[in-house]
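> kindly return the folded structure for what I paste below:
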Amino acid sequence: MDKSNHRLSSSINRLRGRKLAPFHIWILSVVSLLALFALFIINPDYAGKARSGRLNAAYIENRLPVALNGEWEYYDSRFLFSSDFSASSVEHYSPEYRKLPGTLPNTFGFGTYRLTFTFLGTTDLYSLRLAGVQGTARIYVDGRLLSDIGFTSSLKASSETEKDNQYIVFPLDIMRQTHEIIIQVSNFSNYHTGITSPIYFGTQIDGYRLASQFKFAESVGLMSIGILAILLIFLLFFKVQMGSTAYLLLFTIMLSFHLVYSSNNLLTQPVQSWTYAIFTKIYVLSFALMGLCMILLARQNCYTKGILQRTLKIYLYIIPFLLVLTLLCPGKHLPMMKILTGTYFAASLLHTSIILLGRIWNRSYSALMLMLSLSFCASYFALLYFNSRGMVSADAYASSYILLLVAYVTSQLAYVALKVSRIYTGNARLARRMVVTDKLKSEFISATSHELRTPLHGIINIIESASSKLGEPDTAKEQLSLALMLARKLNSVLNDLYGFYSSEHRSVSLKPVNLDIEVNAVIEVFYYTSDNTKLIFKNNLSKNALWVSADESKLWEVLNNIIGNAVKYTDSGTITISSKRMNGKVYVSVSDTGIGMSAKDISRIFDKSVRLDDTARKAEGVGLGLYLVRQLTEQMNGSVYVEWTKPGQGTCITFCLDACPPDHNSMENAAATQAGSAYKSQNYLEDFKGTSASLLVVDDNEDNLSIIRTIFEDCSFSMDCVKSAKEALELLEKSSYDIIILDVMMPEMSGFELCQIIRKRYSHFELPVLLLTACDGAEEILTGFWSGANDYVVKPADRIELRTRVFSLITLKQSVKSALDNEMLFLQAQIRPHFLYNAFNTISAIALTDGVKASELIDDLAIYLRGCFGNDVNRGLVTIDTELGIVNSYVHIEQARFGRRLQFKLIQNTRRGFSLPPLTIQPLVENAIRHATLDSYQEIQIQVTITEENEYIHIEIQDNGVGIEPVKIANLLNEEQDGYQGGIGLRNVSRRLKLHYGIPLDIQTSPGAGTTILIRIPLNSKFQEDELEHGYNSNQQHP
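Presented below is the predicted three-dimensional model:
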């Protein structure tokens, strides 16, 4: 794990150390060049610009619509008409030449624009598109009034400004070659008068197409910016900790205002109806605020301390002055404020770009996206500027408008996506770290508690052992009792700490639980373990409030902590547990006659690590007991509170849980224990000190071995203690034991592995194994049971618990041995009586003709009966010679009955002797002969083969009888089937072999093909006693 984390950290560091690849720089450069290229597309109308108020547009039909850019005649402070320029006019006016699009000098007033152009038309209807008129205007073509924008007047009071874009359709006399356009303008609100956008002239169709193209571009731009703004609002509303959401949202809102300012969309017309001062001030402020947003974004992305970071503060100092000046500025000075805020915006953009380029160089993709978005934004403003100067064609302007705004929104979305992804990844990484940290914390607490509990339990066990050896109370015993009390208090602290942190990581499984059973069990624990003999426990649970929906283990902890708290603060008297049912809840109250508490402490006792200041209540613990109770009850959808308390009189703590349905109660109430039973405290149970047994203890820790010796030193046990699995295996080869106490964690070979080796040689009943484990987790416990353990004890082992479990396993082993012996006696009683009748009838018949043969048969019958009822049978096993002697005697008797028709053959090929349960082979031979005789005309052939292979003895009994149907084999070996068929029979032999060795009979048969029964006996089983081992002649054959 550590190596993989190190490799991951190294990879991340190398990745951070790499600079941005040239490929990414190339992409950034290409995108920027494309954005700039969109601004400088060649204007096809540039060559046709007007000169001195005249424009040659003879080629206009092929290149419509055309921008009427260039020098227009301008007559200041005069409203002139076509008639004023005719040859018959008396007065002649000297014009000034002004470039359109463009602005007039910073002044208020009115005047007239005039342009003449040469044009030969082929259609009747043409169009003009006017935009960017700063004030009011009247448009004349060839002397006819086509449109009014606002109310044009030479007087300030009469002039009404209206910001509008006009699409004008009009007929044109195609017979004329020279045409005239006159635009009368007036402005008394905008200090910058003039026409700031190109005027387009063309046919009606082309003009309409151009107007639609502009509206489409503006709509797409507004919708794109709107979508981005909505997304940022959602991120801000849901408090996504992106850090820059508010800055991006403000920047986007200000940018959207620029779109509104320059567009003619229906949605923007209500805003454009504002007064010039308000509209222009917001426009000026937007530049300053966008610059501020960029500076704030730059501060977030500037990770190095230097001149770039220090100079960012200058922008923050400037912005308040710009805002105040703009708000207070009179209308005639707003153009100057436009210049100031525009400069501030440009400087902010440049500064931010330098910082972002540094981040991009250090491989920051979010900085790359932010840089692209700012580049597209800057290109958009440049597009507006160059369009106002007539330097961009109509088609190029519309397409570039859409391209730049969509690209800006896309890059902003990519930036937001990268930021959100980084936040999510960071949160996920942080969550994983928190899980690991929390796990490490819990493991540390658990390990620390365990390490403290191990020597502490050793101290407790040693003190208890020493105290039990002392006679009447004396000073030494009192001192030992004091030390024992202090050790138990420290143990209580550790138990609270360990229980608190373990409870946080256990899931809750709610199910119906009987309160009466749980309460009685907890009372019994204190009944056995409490040193206070002056306490009386009373179980007064109500019959109608016995069943609750709870997690059984957590309910145990709740009861144990509350009752333990009552025991802790009650020197003498009664502790009563009662219950009642109300509103679907069961309320369980634990009241005591202890010292009580003050009213001010009631609200604090369930808090974490709270110790009351009252000196009368200073006792062991770290204040986690009742806090743990509150946590556990809340996890089970319940609550806990102090029902009443009085100093010097006692306390009543009540917790409530969900009640089970009434029908469940009614079904189970009859089986519940009657309430009101009382218990009086005493010391722990008396041990079975007279029990004799042999123990083998395996633990690599000498302190643990010493503690275990101390725990059992007053028992009649012979005990061997070793520190390794190898030593344990060596002792098992030399001696026999009744039980093994085995530590799980040992060097070279773990307790699990050693237990698996033991189980290959000894069954669970031959040699019980008790595991000592430091962890009570389900996985480790299951591993122990799968390895072959009988039971486990969590270290540090409590003296009473360890002794009780050891006595239980020893008692279980003795009970199993006794059961096996009794079963053997039962099996002996199952010998068929008619076999004796047949044997006696055969001997009686032969005695009339052959007395010697009859005498031999009587000897064989005696050998057979001694084998069935002798003392060797009661020992639990016999040698193979004894068993074969019984078989041979039985076969001789049957051969006397069946004569030459019965052929028996014994083949033995083993290197050493062995033992086996008595009456193992003989019943199977009897079964084979009986099945073979079912066909009265067939020769009976029985063969017993004994071989040794892979540390196992293989015994095969073959016959040539009628065989057994496969369906009947399962019934023959079914231990649960009632009745008996077949003498001692297959079922009983198979069961005994399974109990001794864990290996039942293996039957191979088919109808009409005979039967083969296989017995496998391990040579290294405990039943193979050393004194029975001796050599045999191989390849023996017994006729």
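
> give me the helix or strand of this structure that scores worst on average pLDDT.
The helix or strand of the chain with the poorest confidence is strand 1036-1038; it has a mean of 36 (mean pLDDT, DSSP states H and E).

> from L372, how far out is Y74?
Separation of Y74 from L372 (CB to CB, to the nearest Å) stands at 42 Å. (Each C-beta comes from the backbone N, C-alpha and C, glycine too.)

> and the two? Which one has more around it.
The neighbour count for Y74 versus L372, taken as other CB atoms under 10 Å, is higher for L372 (24 against 21).

> confirm that one sits in a strand?
No. Counting by DSSP: H, G, I helix; E, B strand; the rest coil, L372 falls outside a strand, being helix.

> which non-adjacent residue is nearest it?
S411 (4.1 Å; CB to CB, 6 or more residues apart in numbering).

> surely the one you found is within a helix?
Yes. Secondary structure of S411 (three-state DSSP): part of a helix.

> secondary structure element for D148, which one?
Here D148 sits within strand 144-149, counting by DSSP states H and E.

> what is the next helix or strand after that strand packed up against?
Using DSSP H and E, the next helix or strand after strand 144-149 towards the C-terminus is strand 166-171. Applying 3 or more CB pairs under 8 Å, 6 or more residues apart in numbering; DSSP states H and E, we find strand 166-171 packed against strand 125-130, strand 136-141, strand 144-149, helix 204-237.

> try it again with 10 Å
Packing partners of strand 166-171 (3 or more CB pairs under 10 Å, 6 or more residues apart in numbering; DSSP states H and E): strand 125-130, strand 136-141, strand 144-149, strand 200-203, helix 204-237.

> pLDDT of the helix or strand that it is followed by, averaged?
Sequence-wise, the next helix or strand downstream of strand 166-171 (DSSP H and E) is strand 178-187. Averaging pLDDT along strand 178-187 yields 85.

> okay, buried residues for strand 178-187 please.
H179, E180, I181, I182, I183, Q184, V185, S186, N187 (16 or more other CB atoms under 10 Å).

> which pair of these spans the longest distance?
Maximum pairwise distance among the buried residues of strand 178-187 (CB to CB): 26.3 Å, between H179 and N187.

> low-scoring stretches of the stretch 701-850 of the chain, by residue?
774-779, 820-821, 823-838 (pLDDT under 70).

> show me the helices in it, by range?
With DSSP state H, counting those that start in this stretch as the criterion, the stretch 701-850 of the chain has helices at 702-711, 725-734, 751-761, 778-787, 799-828, 833-847.

> what's next to the second one, contact-wise?
Residues lying outside helix 725-734 but in contact with it, judged by CB atoms under 10 Å, 6 or more residues apart in numbering, are 696-698, 700, 720-722, 724, 737, 740, 742-743, 746-751, 753-755, 757-758, 761-762, 767, 1020, 1022, 1026.

> pLDDT weak spots in the stretch 401-550 of the chain?
Low-confidence segments of the stretch 401-550 of the chain, defined by pLDDT under 70: 442-458, 462, 464-507, 525, 527-533.

> my bad, the stretch 1-150 of the chain
1-48, 57-64, 87-91, 104-108, 120-121, 132, 134, 150.

> at 50 instead, please
1-9, 11-20, 23, 42, 44-48 (pLDDT under 50).

> show me how the chain divides into domains.
For the chain, the structural domains run 51-211, 214-377+390-431, 508-680, 692-825, 830-1038, going by automatic domain parsing.

> and of these, who's closest to L440?
domain 214-377+390-431 (14.7 Å).

> one step back: pairing partners for the strand holding D148, with directions?
The pairing partners recorded for strand 144-149 under DSSP bridges are strand 136-141 (antiparallel).

> filter the contacts of helix 725-734 down to the buried ones, PyMOL style.
What follows is the PyMOL syntax selecting those of the contacts of helix 725-734 that are buried according to 16+ other CB under 10 Å:
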select buried, resi 696+697+698+700+720+721+722+724+737+740+742+743+746+750+751+754+755+757+758+761+762+767
